[in-house]
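**Q** coordinates only, sequence not included:
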């Protein structure tokens, strides 16, 4: 009877080991499936991103980008020249002439219109109805 109980115990231990192995295999498979799903989402995102980039490349050519960059550099150079002229290229004679012109302008008698002496009427603002504008909808890029 003891031998039979030992055999039964041994059989149940083996059965338990096999069950634990199967459970760990199932858990590993579930993790692999979840990881594969994440990989699929990443690949789909990369695919959509690639399609968007291709559409952008069709809209803008390299020549167009180079033209825009060239125009921007020209504008920066022009602005730099203006800054140099304004910053330091005025001589003392130019500054003296500018100050004389400013003094002449400020000492000139300017004719201003006459201001009415009567008090202004008090106006009560009317309540204007508030218009509800529909909010613009955002459209996803495709």
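**A** Done, it's in. For clarity, every value in this text was computed on a predicted model and none was experimentally measured. Numbering: from 1, shown residues only.

**Q** how about low-confidence regions in this structure?
**A** In the prediction, the chain carries residues with pLDDT under 70 at positions 88-90, 109-110, 112, 125-142.

**Q** That one - how does it break down into domains?
**A** By the assignment in the TED database, the chain contains the domains 1-60, 62-105.

**Q** what's the burial count for residue 71?
**A** 10 (other CB atoms under 10 Å). Every residue, glycine included, has its C-beta placed from N, CA and C.

**Q** Please read the previous query as pertaining to residue 51.
**A** Residue 51 has 12 neighbouring residues, counting by other CB under 10 Å.

**Q** do the same with residue 64
**A** If we define neighbours as other CB under 10 Å, then residue 64 has 10 of them.

**Q** what helix or strand is it on?
**A** helix 62-88 (DSSP states H and E).

**Q** re the thing from before, go through the domains of the chain and name the closest to residue 119.
**A** domain 62-105 (33.7 Å; CB to CB).
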